[in-house]
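**Student:** Please work out how this folds:
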Amino acid sequence: MTADSVTSTAFDTCTTVAAPLVLDVDGTLLRTDLLHETAIAYVKANPLGLIFLVWWLIQGKAVLKRKLAERVRLDVETLPINAELDAYARLEHSNGRTVCLATAADELLAIRLAQRFDFVSFVMASNGRRNLKGATKASALRERFPDGFAYAGDSRADLHVWAEASSIVLAGANAATARKARALGKPVEADFSRPRLGLRGWAKALRLHQWAKNVLVFLPLVLGGLFTDLAAWTNAVLAFLALGVLASATYLINDIWDIEDDRQHWTKRNRPLASGLMTVKQAAIVTPLAFAVSLALGAMVGPAVVAVLLAYLVLTLCYSFGFKRKPVLDAFTLALLFTLRLVLGIAAVGVVPSPWLLVFSMFLFTSLSFAKRQTEVLRLVEKKQDTGDKISGRGYFVTDAPFILAMGVSCGMASILIMVLYLTQDALLVDFYGNPDWLWAIPAMLFLWLSRIWMLSQRGELLDDPVVFAMRDPKSLMLCAGLGLFFVMACLGLPY
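**Tutor:** Residues are numbered from 1 along each chain as shown. Here you go, the predicted structure:
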């Protein structure tokens with residue numbers, strides 16, 4: 001090839017006993033796209049770098065990829081791979097077949113990636129001047145392998161390459177692309193279908209289980225005595241749905257932003273984006289649509305609800321882009337987000353806000369946020385046994401464990417005290433309780449639950465999120481049921 005053509009970099013040589021097996025990378029050998037990965041990493045390190053991304057893209061995709069490859073040190077070892085294709089290529093290599101990579105990614109990044117796969121003989125990739133994709137890749141491979149080659153790909157652009165190949169390997173191609181590839185009349189060596197995201201995958205990516213936290217929206221309605229007000233219930237339900245859709249969109253943004261850190265986490269690495277089950281492109285399409293739906297639902301209730309939703313959005317983005325890496329501020333922000341759920345409920349049903357309730361919420365959820373961080377710190381201690389380590393994507397070190405414990409427990413006990421003050425200064429003075437004395441059981445139940453959360457956290461038996469844990473923990477559910485029972489008894493005025 002000439003100096004202007006796509007670079008081919010040799011790693012080793014082997015005797016060819018069959019047509020060389022050429023593997024595409026993006027969406028094929030990898031369950032992700034290297035351009036998306038490097039762009040996210042670059043913007044994450046340089047927020048104003050969006051301007052440069054646009055400028056480089058104007059100059060051409062090859063230039064954009066080279067600039068990003070020069071500036072981003074991507075952790076290629078944690079990128080999700082197509083395990084079936086990887087095993088197939090290893091088997092073919094062990095049988096003496098030449099295996100190489102031909103990718104539209106920049107060669108600087110492609111060469112580093114190839115070192116992860118010991119069966120790769122050489123790499124063909126974009127070089128900053130030409131983008132090795134579609135017809136360009138087909139021409140380069142025809143020149144490199146005049147006697148034929150097998151090609152593994154996944155996208156419509158790969159149809160150009162399959163037209164020149166002697167055989168086809170389908171690796172993650174959708175049904176339409178697979179049909180067009182088979183219509184070329186070339187033999188299909190293997191077909192490794194991409195795992196379907198499906199309803200379960202979407203539910204996991206959108207964190208629908210986290211919508212349970214939004215039940216707080218209904219609390220002002222209940223405490224305000226609007227049990228029989230149909231209009232209040234309608235507004236509360238719309239606010240609940242609006243917040244749920246908005247929260248799901250922000251979860252996608254958070255997962256895109258933290259995709260590298262999540263791959264190093266013991267549970268978050270299984271999330272659809274981190275694992276490659278969902279693509280960054282899919283998330284980027286769904287997110288703005290979800291924002292629009294959320295604000296439309298909020299507008300059906302009123303401008304106050306829209307204002308709270310926007311405040312929630314701004315605060316969540318601040319948390320995702322920076323606050324989560326600031327010790328203490330991260331826990332405070334999470335507590336504020338929980339409290340905004342109450343504020344949303346207040347705005348939706350139009351009840352008079354209780355300062356005691358809002359302050360109680362801040363202390364309670366600050367405590368639970370610290371419990372989540374304590375779990376992460378203790379997991380890191382258990383995993384690495386190195387007091388100098390820092391939680392990936394967070395601002396805490398393992399040596400912060402005693403401080404987190406003290407802050408979390410003290411905030412939890414403070415929330416119980418504020419609950420008592422709320423009862424004496426607010427709740428017990430409301431006339432819709434038939435027998436408000438039953439409400440005194442609530443601080444006791446809360447004390448038992450918080451004590452359980454922190455005891456399990458200190459033992460390392462707590463899951464990442466205390467709220468999610470509580471929804472699955474039988475003892476927590478019993479305490480919650482008891483709390484609800486005492487509240488109903490207070491409302492009905494049942495005697496002792």
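
**Student:** Skipping its backbone neighbours, what lies nearest the most centrally placed residue in the chain in space?
**Tutor:** Nearest residue to the geometric centre of the chain (CA atoms, centre = their mean): residue 255, 2.6 Å. Leaving aside its sequence neighbours, residue 255 sits nearest to residue 273 (CB to CB, 6 or more residues apart in numbering; 4.4 Å). C-betas here are computed from N, CA, C, even on glycine.

**Student:** Kindly report the same for residue 326.
**Tutor:** residue 395 (5.4 Å).

**Student:** ok, now residue 379?
**Tutor:** residue 266 (6.5 Å).

**Student:** so the one you found touches residue 380, yeah?
**Tutor:** No - taking contacts as CB atoms under 8 Å, residue 266 lies outside contact range of residue 380: 9.7 Å.

**Student:** of the two, who's got more company?
**Tutor:** Set residue 266 next to residue 380 and count neighbours by other CB atoms under 10 Å: residue 380 wins out with 22 against 12.

**Student:** Doesn't that one lie inside a helix?
**Tutor:** Yes - counting by DSSP: H, G, I helix; E, B strand; the rest coil, residue 380 is found in a helix.

**Student:** wait, isn't residue 201 in contact with residue 279?
**Tutor:** No - at 11.4 Å, residue 201 does not count as touching residue 279 under the criterion of CB under 8 Å.

**Student:** what about those two, which has more around it?
**Tutor:** residue 279 (19 against 16).

**Student:** Please name the residues that touch that one.
**Tutor:** The neighbours of residue 279, taking CB atoms under 8 Å, 6 or more residues apart in numbering as the test, are 27, 32-33, 36.

**Student:** Look at it and report its pLDDT.
**Tutor:** On the pLDDT scale, residue 279 is placed at 91.

**Student:** What distance do you get for it to residue 259?
**Tutor:** Here residue 279 is placed at a distance of 11 Å from residue 259 (CB to CB, to the nearest Å).

**Student:** Same check on residue 328?
**Tutor:** Taken as CB to CB, the span from residue 328 to residue 259 is 25 Å.

**Student:** just residue 269 next, same as before
**Tutor:** 10 Å.

**Student:** Neighbour count: the two, which is higher?
**Tutor:** residue 259 (25 against 14).

**Student:** Would you agree the residue nearest to the centre of the chain is in contact with residue 274?
**Tutor:** Yes - in this structure residue 255 lies within contact range of residue 274 using CB under 8 Å: 6.9 Å.

**Student:** pull the CA atoms of the longest strand anywhere in the chain into CSV?
**Tutor:** In the chain, with assignment by DSSP state E, the single longest strand is strand 99-106. This file holds the C-alpha atoms of strand 99-106, laid out as CSV (Å, rounded to 0.1, in the frame of the first residue of the first chain):
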residue,chain,number,x,y,z
VAL,A,99,-6.4,-13.5,12.4
CYS,A,100,-6.3,-9.8,12.1
LEU,A,101,-8.2,-6.7,13.0
ALA,A,102,-9.6,-4.2,10.4
THR,A,103,-11.3,-1.3,12.1
ALA,A,104,-12.4,2.2,11.4
ALA,A,105,-10.9,3.1,14.8
ASP,A,106,-7.6,5.0,14.8
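
**Student:** after it comes which helix or strand?
**Tutor:** Going down the chain from strand 99-106, the next helix or strand is helix 107-114, by DSSP states H and E.

**Student:** can you give me the angle that next one makes with strand 99-106?
**Tutor:** 140 degrees (axes from the mean of the first three to the mean of the last three CA atoms, to 10 degrees).

**Student:** Mind listing residues that contact helix 107-114?
**Tutor:** So helix 107-114 is in contact with 6-7, 9, 11, 25, 30, 34, 38, 65-66, 69-70, 74, 76, 79, 101, 103, 105, 120, 123, 125-127, going by CB under 8 Å, 6+ apart.

**Student:** Where does the prediction get shaky in the protein?
**Tutor:** Where the chain drops to pLDDT under 70, the residues are 1-17, 381-393, 430, 463-464, 496.

**Student:** quick one, domains of it?
**Tutor:** Domain ranges of the chain: 7-192, 198-352, 354-496, per automatic domain parsing.

**Student:** quick one: the strands in this structure?
**Tutor:** 7-10, 21-23, 99-106, 122-126, 150-153, 167-171, 188-192.

**Student:** Just checking the distance from the third one to the centre of its chain.
**Tutor:** Centroid separation between strand 99-106 and its chain, computed with CA atoms, centre = their mean, to the nearest Å, is 28 Å.

**Student:** Then the last one?
**Tutor:** Between the centre of strand 188-192 and the centre of its host chain there is 31 Å, according to CA atoms, centre = their mean.

**Student:** by how many degrees do that strand and strand 167-171 diverge?
**Tutor:** Using the same axes, to 10 degrees, strand 188-192 lies at 0 degrees relative to strand 167-171.

**Student:** list the buried ones in strand 188-192?
**Tutor:** 189-190, 192 (16 or more other CB atoms under 10 Å).

**Student:** Can you give the strand pairings for it, parallel or anti for each?
**Tutor:** Note on strand 188-192: by DSSP bridges, its sheet partners are strand 167-171 (parallel).

**Student:** swap in the shortest one?
**Tutor:** Based on DSSP bridges, the strands next to strand 21-23 in the sheet, each with its direction, are strand 99-106 (parallel), strand 150-153 (parallel).

**Student:** Quick one: end-to-end length of stretch 201-216, please.
**Tutor:** By CA to CA, to the nearest Å, the extent of stretch 201-216 from end to end equals 26 Å.

**Student:** right, I mislabeled it, should have said stretch 156-174
**Tutor:** Taking CA to CA, stretch 156-174 runs 9 Å from one end to the other.

**Student:** Report the buried residues of that stretch.
**Tutor:** Buried-residue list, stretch 156-174, by 16+ other CB under 10 Å: 157-173.

**Student:** Which ChimeraX command selects the buried ones in the contacts of helix 107-114?
**Tutor:** To isolate the buried ones among these in ChimeraX, judged by 16+ other CB under 10 Å, type:
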select :6,7,11,25,30,34,38,65,66,69,74,76,79,101,103,105,120,123,125,126,127
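
**Student:** which residues in the stretch 151-300 of the chain form helices?
**Tutor:** Taking DSSP state H, counting those that start in this stretch to define them, one finds helices in the stretch 151-300 of the chain at 159-164, 175-182, 198-205, 219-223, 230-257, 259-262, 272-275, 280-301.
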